[in-house]
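Visitor: pasting a predicted model and its sequence here:
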Amino acid sequence: MKTKQVIGIIVAIVGVVAIVAFAMDGSSIGSRIGTIGGIALTAFGALYPFIFKEKQQQQQQQQPVLLTKEVARVLADPVIIAENERLQQQVAELEREKLQRDLAQPNLPDYKKAVKPYVAKGDYAKAIELVNPGGAAKEAAEKYIFTAQLYIANYQFKEAEEHYKKAIEIFPSDDNTFAAAVFYYSLNRFNEAKEYFNRCLSMELSPAQRAVVQNNLGLIFEQLNDYPEAEKAFAEALEIY
């Protein structure tokens, strides 16, 4: 039996004893007051495990976040850093939700229109087959990034990583580099994420984009327990904002 349940039972028993004792008391006023107090103790004891269970669940739901370039949030729960399978499942679920939102937008390119019904059915393998990474450098890189997202949704993280690298090799834009950095961060691969965020800083970024990258680097340094560097990165972001 859990500690909270034991405490709840003890408090409830004390309440019942109080009710009986004061009910037998000759003083009507004391009896009534004592009985009310006993009932309150009994109720509190019965509810005690549930009250603190709810608080514990609320605390577990408070997770650190990472800002993306679109000011979205990527979860990085430190409780599951060592549980690679659970972490990958979480990342894949988030990517599936993102794909659904992206494919719900109007004016999709043809390759996204072609895969949309398969993504809706969860057939990511078929969707991957339909994306042909051809075209000019920028378009081909976009297709590699999109295919990487499909691979993540299909729990194929090695293939996703390869496609992020191909996209950057073909068209090393700040968007593609940032996407790769977020990919590594979402898997708690902080050193790789740091490398790609630092690459972003060497590119032409708007002040808002630079602030977001610095903020993300601050979060990474914090995860790596490098607090002086974290403070420096946060200060850079704060100065811009």
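Guide: Arrived safely, thanks for sending. All values reported here derive from a predicted model rather than from experimental measurement.

Visitor: how near is residue 200 to residue 226?
Guide: Between residue 200 and residue 226 the distance is 19 Å, computed by C-beta to C-beta, to the nearest Å. Bear in mind the C-beta positions are built from the backbone N, C-alpha and C, glycine included.

Visitor: least trustworthy helix or strand in this protein by mean pLDDT?
Guide: With mean pLDDT, DSSP states H and E as the measure, the helix or strand of the chain carrying the lowest mean pLDDT is strand 73-75 (a mean of 38).

Visitor: what about the strands in this protein?
Guide: Along the chain, counting by DSSP state E, strands occupy 65-67, 73-75.

Visitor: who's in contact with residue 187?
Guide: With C-beta atoms under 8 Å, 6 or more residues apart in numbering as the criterion, the residues that contact residue 187 are 87-88, 91, 157.

Visitor: mind listing the helices for the chain?
Guide: With DSSP state H applied, the chain shows helices at 3-23, 28-60, 84-103, 110-121, 124-130, 137-153, 157-170, 174-186, 190-201, 207-223, 227-240, listed in chain order.

Visitor: mind putting the ones you listed in a markdown table, mean pLDDT and mean neighbour count included?
Guide: Written out in a markdown table, the entries for the helices of the chain read as follows (pLDDT from 0 to 100; neighbours: other C-beta atoms under 10 Å):
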| stretch | mean pLDDT | mean neighbour count |
| --- | --- | --- |
| helix 3-23 | 53 | 15 |
| helix 28-60 | 51 | 14 |
| helix 84-103 | 90 | 16 |
| helix 110-121 | 95 | 15 |
| helix 124-130 | 95 | 17 |
| helix 137-153 | 96 | 22 |
| helix 157-170 | 96 | 19 |
| helix 174-186 | 94 | 23 |
| helix 190-201 | 95 | 18 |
| helix 207-223 | 93 | 20 |
| helix 227-240 | 94 | 14 |
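
Visitor: now residue 127: closest residue in space that isn't a chain neighbour?
Guide: residue 115 (3.8 Å; C-beta to C-beta, 6 or more residues apart in numbering).
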